[in-house]
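Engineer: predicted structure and sequence below. I'll ask about it afterward.
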Amino acid sequence: QKEVEQNSGPLSVPEGAIASLNCTYSDRGSQSFFWYRQYSGKSPELIMSIYSNGDKEDGRFTAQLNKASQYVSLLIRDSQPSDSATYLCAVMNSNYQLIWGAGTKLIIKP
Amino acid sequence: AAGVIQSPRHLIKEKRETATLKCYPIPRHDTVYWYQQGPGQDPQFLISFYEKMQSDKGSIPDRFSAQQFSDYHSELNMSSLELGDSALYFCASSLGKTGRTGELFFGEGSRLTVL
């Protein structure tokens, strides 16, 4: 079992709908959680960080953290074709190592 | 705003040759990370430096070495190159009192092709 797991996708969502991306982690002592977006052939770009249980909203993006269930999710409202990318979940574990998920490929269909 | 600068952007080498990649972090960032990303794979952590000292080591082959200099720029040296070393190499920097932050800012990457 990988320390950080994501569905590889692709996840296909119609334009204007809500895209929901999920990530689970195994180290219960993890404290910091991050979502990065990566376009094909480009570098990862930080879009959300979340440190405490609950929801954190930033524009069309909402990160949700549930430490008891050890999952973190990213919701993208009003999905746009430009949101099509691979979304990487990264978790800072109890050893202060940043562990990356394999990424979920998101496709927004016009 | 200044970003992380990597050079060269593209590099073609023969097997068994040596390559050096350079990274200039965002000014005042105290931590530099090196990642390797193969096609369709997540970034694989190689090594990191906090305040010019190696802070963590990942899946970096013994053929590779890295250092961070007094001006905070970092270099990744790769020797005895193999076909499997062909990948995108990303440098990232971050700012944190202890260097333990997951908010990384990435450079555009250096694409290494080994023939």
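Structural biologist: In hand now; what should we look at?
Engineer: can you list the residues of chain B near chain A?
Structural biologist: By C-beta under 8 Å from any C-beta of the partner chain, the residues of chain B that approach chain A are B:41-43, B:45, B:56, B:88, B:90, B:98, B:100-109. To be clear about C-beta, it is placed using only N, CA and C from the backbone, and glycine gets the same treatment.
Engineer: for these, which PyMOL command selects only the ones that are buried?
Structural biologist: Applying 16 or more other C-beta atoms under 10 Å in any protein chain shown to those leaves a buried subset, and the PyMOL line that selects it is:
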select buried, chain B and resi 42+43+45+56+88+90+100+101+102+103+104+105+106+107+108+109
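Engineer: of the residues of chain B next to chain A, which belong to strands?
Structural biologist: Counting by DSSP state E, the residues of chain B next to chain A place B:45, B:56, B:88, B:90, B:105-106 in strands.
Engineer: how about the residues of chain A by chain B?
Structural biologist: Within chain A, the positions adjacent to chain B are A:32-34, A:36, A:41-46, A:49, A:88, A:90-92, A:96-98, A:100-103 by C-beta under 8 Å from any C-beta.
Engineer: among the ones in strands among the residues of chain B next to chain A, which one lies nearest to residue B:3?
Structural biologist: Comparing those against residue B:3 with C-beta to C-beta places residue B:105 closest, at 6.7 Å.
Engineer: identify the residues contacting the residue of chain A found nearest chain B.
Structural biologist: Closest to chain B within chain A is residue A:43: 3.8 Å, counting by C-beta to the nearest C-beta. By C-beta atoms under 8 Å, 6 or more residues apart in numbering or on different chains, residue A:43 lies in contact with B:90, B:106-109.
Engineer: where does pLDDT dip in the chain?
Structural biologist: Answering for chain A, as no chain was given. Across chain A, nothing is flagged by pLDDT under 70.
Engineer: should've been chain B
Structural biologist: For chain B, the stretches flagged by pLDDT under 70 are B:1, B:96-100.
Engineer: tell me, what residue is most central in it?
Structural biologist: Nearest residue to the geometric centre of chain B (C-alpha atoms, centre = their mean): residue B:34, 2.9 Å.
Engineer: contacts only, for that residue.
Structural biologist: Contacts for residue B:34 (C-beta under 8 Å, 6+ apart) come out as B:23, B:45-48, B:60, B:66, B:74, B:76, B:89-91.
Engineer: each with direction, which strands does the helix or strand hosting it pair with?
Structural biologist: Secondary structure assignment for residue B:34, by DSSP states H and E: strand B:31-37. Strand pairing for strand B:31-37, using DSSP bridges, gives strand B:44-50 (antiparallel), strand B:87-94 (antiparallel).
Engineer: in chain B, what residue comes closest to chain A?
Structural biologist: Of all residues in chain B, residue B:106 sits closest to chain A, with a separation of 3.8 Å (C-beta to the nearest C-beta).
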